[in-house]
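Trainee: take this sequence and fold it.
(chains A and B)
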2 protein chains.
Amino acid sequence: MPRTVADLATPALLVDLDAFDANVATMAGRWPGLTLRPHVKAFKSTALARRLAEAGHTAFCCATIREVEGMADAGLGADLLLANEVLHASRLGAAVERGARITVAVDSEATVAAAAAGGVREVLVDVNVGLPRCGCEVGDAGRIADAARRAGLTVRGVMGYEGHLMGIDDREIRARETAACMARLAEAHAAVGGEVVSGGGTGTWDLNDVVTELQAGSYTLMDTTYARLGLPFRPALSVLGTVISTNRQGYAVADVGLKSLGMDHGDPSVTGTTVWFCSDEHVTFAEMDGGPSLPVVGDRIEVWPAHVDPTVAYHERLHVIRRPDPAAPVVDAEVVDEWPVDLRNW
Amino acid sequence: MPRTVADLATPALLVDLDAFDANVATMAGRWPGLTLRPHVKAFKSTALARRLAEAGHTAFCCATIREVEGMADAGLGADLLLANEVLHASRLGAAVERGARITVAVDSEATVAAAAAGGVREVLVDVNVGLPRCGCEVGDAGRIADAARRAGLTVRGVMGYEGHLMGIDDREIRARETAACMARLAEAHAAVGGEVVSGGGTGTWDLNDVVTELQAGSYTLMDTTYARLGLPFRPALSVLGTVISTNRQGYAVADVGLKSLGMDHGDPSVTGTTVWFCSDEHVTFAEMDGGPSLPVVGDRIEVWPAHVDPTVAYHERLHVIRRPDPAAPVVDAEVVDEWPVDLRNW
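Mentor: Sure thing, here's the model as predicted:
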């Protein structure tokens, strides 16, 4: 394993361990133990998940069947929620047979039938709280729960994700809208029953006081989009690049392109510069007025993604680094571990 | 291997074989044999590349060291161009030792030195023809070539990619700008020498008459961004999804999200509907006025990506399908082959 950042082939995904540990501690202060259900989709790594389990969070949230299977097979299957609807649940049922506890979201008779047919035993009724995605209407939640019980499934409660609120810059509006969404979820919960009210995320971590468990994942690594909200979590995920070309026109090019970055939230950032655009395997960035000079060919730089989740999904491994101090340049960091991104694909 | 599309787990990447074959034939009509250097970055699959080699295109273009290594190890290393600059070329040199012919782009003394130190023997001088990315100034090309020769490298010629022109809708403007860019490349070529003038892409395939070899890749699979240009290549790449949720508000949700799609060119398309947005593992789309009704839960749909290259890079395999006729719904298609996406990562 490479011992310093200078030894890594680029592009390489980096996790700053001190920032990660600080983020885990901050979140656990408000949502300790089983009140947090960390969302595996943000990091897709059983090695990272194991650290969260060691911090007391032993129930996890997943977005794909592959994530559920991988967590179960890694011995992290004490309580896994697939927070999405599926029509083909037999792989989930097989993981239940192997000893995992698996709960799946349902929002229709068809998904109830699929869960039962696939051998899943427990469900949450997914309620639409305002995000135009999955989830039944509040008024239909009781009926879906009844259908699930008739199909022999245990209904653990409800979930509802206020995902459309996560990126609202204004904290007051975010708080007000979160309260309105969670009132709908509470109403559905009254009709459904069960002990679980699952929802929320990094953007509403200190605003949502209705859920019994928070489904946050991005807080572990953070990205530039969430950083805009002024949350107390530190950026812990970057992509290491090598500068491969410079010129007399005031811009430079590094080997971190859009195939190593989630681009749905826009361009990444390179500290002290202006990013012009990304190509498949390049980022072009320019000197900012009054900023530091551009690096030279061969220099290592850090590129900060706008969206963590799809960035991680492009990489095979997370290189875990530790800096001598939080402001130290990345080339001074030591590589202390490697966490495989072993939950990719479906 | 699944025999019909109904057997595939979703999301699943599909290649329509008839459309692919037609695209290959159309391109080969204008750029036969070695006048085409297909760009592997578009499809990242040695199985797909082998079909191009069988069609006479045995020289390939790559964007990463991993692509070069994988092509060489698959026996497709007759003439591989890494069309990007690298600072650490020893893995390329090792592939040369194993018998592959490898040429790398250089645009500075530092990248010349890296190529030589890594054991690469042949280079092209990369010239900036207007895209603000890599490539030396036209006036510096002769000097870079001299430096390469002094370092013991064979200079095969020049390359220059007019990538900033690929998406220009107006064909007249695209043609005029391509001519201007290629005049710069020709001027650099006169200073550098060598037999190769490499450049171009799918968007300028019938406009670029300066290059001795065209670096096109997207034409094989196509995407909705290129389709806008009215090129004679057929859409051959889609992502199969399953509808997992519908409702009374006129939208539906399928399990094809932004982690199965390149998003830098924007949202994908679902024929006959309006796509609202993508989440990690979902696409939400609505009925169009006058369009067909929305599908129901459990239906299979095709999602057409806006950008081929980063879409393919998210998947493990291409499922090769054949439809009974070009307009047939995807569920009627037969799965005839599976091409691993074996050139992912770096």
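Trainee: make it CA atoms for all contacts and neighbour counts henceforth
Mentor: Will do.
Trainee: could you check what's spatially nearest to residue A:270, not counting adjacent residues?
Mentor: Spatial nearest neighbour of residue A:270, chain neighbours left out: residue A:303 (5.0 Å); criterion: C-alpha to C-alpha, 6 or more residues apart in numbering or on different chains.
Trainee: ugh, typo on my part, it should be residue A:254
Mentor: Once its chain neighbours are removed from consideration, residue A:254 has its nearest residue in residue A:243; the separation is 4.1 Å (C-alpha to C-alpha, 6+ apart).
Trainee: hmm, who's touching the helix or strand containing that neighbour?
Mentor: Using DSSP states H and E, residue A:243 falls within strand A:237-246. Residues from elsewhere that reach strand A:237-246, judged by C-alpha atoms under 8 Å, 6 or more residues apart in numbering or on different chains: A:10-16, A:221-223, A:252-256, A:260, A:295-305, A:308, B:85-87, B:107-108, B:111, B:133-135.
Trainee: once you drop chain neighbours, what's closest to residue A:64?
Mentor: In space, residue A:64 comes closest to residue A:346 once its chain neighbours are excluded; the distance is 6.2 Å by C-alpha to C-alpha, 6+ apart.
Trainee: oops, could you answer that again for residue A:292 instead?
Mentor: By the measure of C-alpha to C-alpha, 6+ apart, the closest residue to residue A:292 outside its immediate chain neighbours is residue A:272, 6.4 Å from it.
Trainee: I'd guessed the one you found sits against residue A:285; true?
Mentor: No - the criterion here is C-alpha atoms under 8 Å, and residue A:272 misses it with residue A:285 at 9.8 Å.
Trainee: so how far is residue A:73 from residue A:33?
Mentor: 22 Å (C-alpha to C-alpha, to the nearest Å).
Trainee: of those two, which one has the most company?
Mentor: The residue with more neighbours, out of residue A:33 and residue A:73 and counting by other C-alpha atoms under 10 Å in any protein chain shown, is residue A:33; that gives 18 against 15.
Trainee: might you report the residue contacts of the more buried one?
Mentor: For residue A:33, the contacting residues are A:55, A:56, A:57, A:58, taking C-alpha under 8 Å, 6+ apart as the criterion.
Trainee: do you know the pLDDT at the nearest residue to residue A:3 once chain neighbours are set aside?
Mentor: With C-alpha to C-alpha, 6+ apart as the criterion, residue A:3 has its nearest non-adjacent residue at 5.0 Å, and that residue is residue A:335. pLDDT, the model's per-residue confidence, is 97 for residue A:335.
Trainee: which of the three states applies to residue A:335?
Mentor: The three-state label given to residue A:335 by DSSP: H, G, I helix; E, B strand; the rest coil is strand.
Trainee: any weak-confidence spans in chain A?
Mentor: Low-confidence segments of chain A, defined by pLDDT under 70, are located at A:1-2.
Trainee: how near is the residue sitting furthest away from the middle of it to residue B:126?
Mentor: With C-alpha atoms, centre = their mean as the measure, chain A has its most outlying C-alpha, relative to the mean C-alpha position, at residue A:248: 40.1 Å. According to C-alpha to C-alpha, residue A:248 stands 16 Å off from residue B:126.
Trainee: buried residues in the one helix or strand residue A:22 maps to?
Mentor: Using DSSP H and E, residue A:22 sits within helix A:17-30. Across helix A:17-30, burial judged by 16 or more other C-alpha atoms under 10 Å in any protein chain shown covers A:17, A:18, A:19, A:20, A:21, A:22, A:23, A:24, A:25, A:26, A:27, A:28.
Trainee: could you do stretch A:271-284 as well?
Mentor: Within stretch A:271-284, the residues that count as buried by 16+ other C-alpha under 10 Å are A:272, A:273, A:274, A:275, A:276, A:277, A:278, A:280, A:281, A:282, A:283, A:284.
Trainee: excluding chain neighbours, what is closest to the last one?
Mentor: Meaning residue A:284. Counting by C-alpha to C-alpha, 6+ apart, the nearest residue to residue A:284 once its immediate chain neighbours are dropped is residue A:253, at 4.6 Å.
Trainee: look up the residues forming beta bridges with the one you found.
Mentor: Per DSSP bridges, residues listed as beta-bridge partners of residue A:253: residue A:245, residue A:284.
Trainee: pull the contacting residues for it.
Mentor: Contacts for residue A:253 (C-alpha under 8 Å, 6+ apart) come out as A:243, A:244, A:245, A:246, A:282, A:283, A:284, A:285, B:133, B:134.
Trainee: return the closest of those residues with respect to residue A:190.
Mentor: Sorting the contacts of residue A:253 by distance to residue A:190 puts residue A:283 at the head of the list, at 50.9 Å, by C-alpha to C-alpha.
Trainee: hang on, that closest one packs against residue A:251?
Mentor: No - no contact is recorded between residue A:283 and residue A:251 when judged using C-alpha under 8 Å, the distance being 10.2 Å.
Trainee: where's the residue most central in space within chain A relative to residue B:161, distance?
Mentor: The residue at the geometric middle of chain A, judged as the C-alpha nearest the mean C-alpha position with C-alpha atoms, centre = their mean, is residue A:42 (2.1 Å). Remark: distance between residue A:42 and residue B:161 (C-alpha to C-alpha) = 36 Å.
Trainee: got it, and residue A:93?
Mentor: Distance from residue A:93 to residue B:161, counting by C-alpha to C-alpha: 51 Å.
Trainee: who has more neighbours, those two?
Mentor: Neighbours were tallied for residue A:93 and for residue B:161 using other C-alpha under 10 Å; the higher tally belongs to residue B:161 (27 against 21).
Trainee: what's the local residue count around the nearest residue to that one once chain neighbours are set aside?
Mentor: Nearest non-adjacent residue to residue B:161, counting by C-alpha to C-alpha, 6+ apart: residue B:199, 4.9 Å away. Neighbouring residues of residue B:199 were enumerated by other C-alpha under 10 Å; the total is 27.
Trainee: OK, contacts around residue B:199?
Mentor: When contacts are counted by C-alpha under 8 Å, 6+ apart, residue B:199 touches B:159, B:160, B:161, B:162, B:211, B:213, B:214, B:215.
Trainee: quick one: which of these is nearest residue A:150?
Mentor: The nearest member of these to residue A:150, counting by C-alpha to C-alpha, is residue B:215 at 60.0 Å.
Trainee: about what we covered before: the residue nearest to residue B:161 bridge partners, please.
Mentor: Note on residue B:199: beta-bridge partners residue B:160, residue B:214, judged by DSSP bridges.
Trainee: relative orientation of the helix or strand in which residue A:112 is found and strand B:237-246 in degrees?
Mentor: In this structure, residue A:112 sits in helix A:109-118 according to DSSP H and E. Relative orientation of helix A:109-118 and strand B:237-246, computed by axes from the mean of the first three to the mean of the last three C-alpha atoms, to 10 degrees: 100 degrees.
Trainee: which stretches of the stretch 201-346 of chain A form strands?
Mentor: Using DSSP state E, counting those that start in this stretch, the strands of the stretch 201-346 of chain A run over residues A:213-214, A:237-246, A:251-254, A:273-278, A:283-287, A:300-303, A:317-322, A:334-340.
Trainee: for residue B:191, which of the ones you listed is the nearest?
Mentor: strand A:237-246 (20.8 Å).
Trainee: what are the buried residues along that closest one?
Mentor: The neighbour-count criterion (16+ other C-alpha under 10 Å) identifies A:237, A:238, A:239, A:240, A:241, A:242, A:243, A:244, A:245, A:246 as the buried residues of strand A:237-246.
Trainee: do you know how far the fifth one is from chain B?
Mentor: As defined by C-alpha to the nearest C-alpha, to the nearest Å, residue A:241 lies at a distance of 11 Å from chain B.
Trainee: report the beta-bridge partners for that residue.
Mentor: Beta-bridge pairing of residue A:241 under DSSP bridges involves residue A:301.
Trainee: who's in contact with whatever residue of the stretch 1-150 of chain A ends up closest to chain B?
Mentor: When C-alpha to the nearest C-alpha is the measure, the stretch 1-150 of chain A has its nearest residue to chain B at residue A:134, with 5.6 Å between them. For residue A:134, the contact set (C-alpha under 8 Å, 6+ apart) comprises A:84, A:85, A:107, A:126, A:127, A:128, B:244, B:245, B:246, B:253.
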